[in-house]
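What would the 3D arrangement of this be:
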Amino acid sequence: MNIRIKFTKYNPEEEVFIPKYATNGSAGMDLCSSSRETVDINPGEIKLVNTNLILEIPAGLEGQVRPRSGLALKHGITVLNSPGTIDSDYRGEVKVLLINHGKHTFRISCGDRIAQLIIAKHERADLYVSDNLAETERGTGGYGSTGTKS
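As a prediction, this is how the structure comes out:
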């Protein structure tokens, strides 16, 4: 059974593109730009792109805004804070923070698919102080400590 998520338009006068799954096996729904003006993202530039969507995500779930692989491969366009999180209590407009890592200006028109939205379950945790943490083989090894070879 699919989860039902309510949505409304942030600006009732503007167009909204309802996120859709491209195929039956797609994990993510495509998020589209709702900007009336063309959005140009120059190399190295960051832009916040409107979707005109407000979502009511049920408690215990989150929306994850992720890059589209084709945009990343072909144009170097990715979601800067990937994955961006839409909390269940957020009722503002969903916007997508994009960065251009490519060599050319990337142009976004109204209705262009710019990211994907995954709906995922999450858990909440209660942290507490303890002087008795379990030891592991890795220990305090951090960044790069496990190497790159398989």
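
can you list contacts of stretch 46-57?
The contact list for stretch 46-57 (CB atoms under 8 Å, 6 or more residues apart in numbering) reads 5-11, 14-17, 19, 31-35, 39, 41, 63, 80, 86-88, 90-99, 108, 114, 119. Placement of C-beta: from N, CA and C, glycine included.

and that stretch, average pLDDT?
For stretch 46-57, mean pLDDT is 98.

in it, what's buried?
Buried residues in stretch 46-57, counting neighbours by 16 or more other CB atoms under 10 Å, are found at 47, 49, 50, 51, 52, 53, 54, 55, 57.

For the fifth one, which non-adjacent residue is closest in space?
In space, and not counting its chain neighbours, residue 52 is closest to residue 34: 3.6 Å by CB to CB, 6 or more residues apart in numbering.

which residues does that neighbour contact?
With contact set as CB under 8 Å, 6+ apart, residue 34 has these partners: 14, 15, 16, 17, 50, 51, 52, 53, 110.

Run a quick neighbour tally on the first one.
Taking other CB atoms under 10 Å as the neighbour definition, residue 14 ends up with a count of 13.

List the contacts of it.
Taking CB under 8 Å, 6+ apart as the test, what residue 14 contacts is 34, 36, 52.

how close does residue 103 sit to residue 30?
Per CB to CB, to the nearest Å, residue 103 is found 25 Å from residue 30.

Same question for residue 10.
18 Å.

how near is the residue lying closest to residue 16 once chain neighbours are set aside to residue 106?
Nearest residue to residue 16 in three dimensions, chain neighbours excluded: residue 52, at 4.4 Å (CB to CB, 6+ apart). Residue 52 sits at a distance of 20 Å from residue 106 (criterion: CB to CB).
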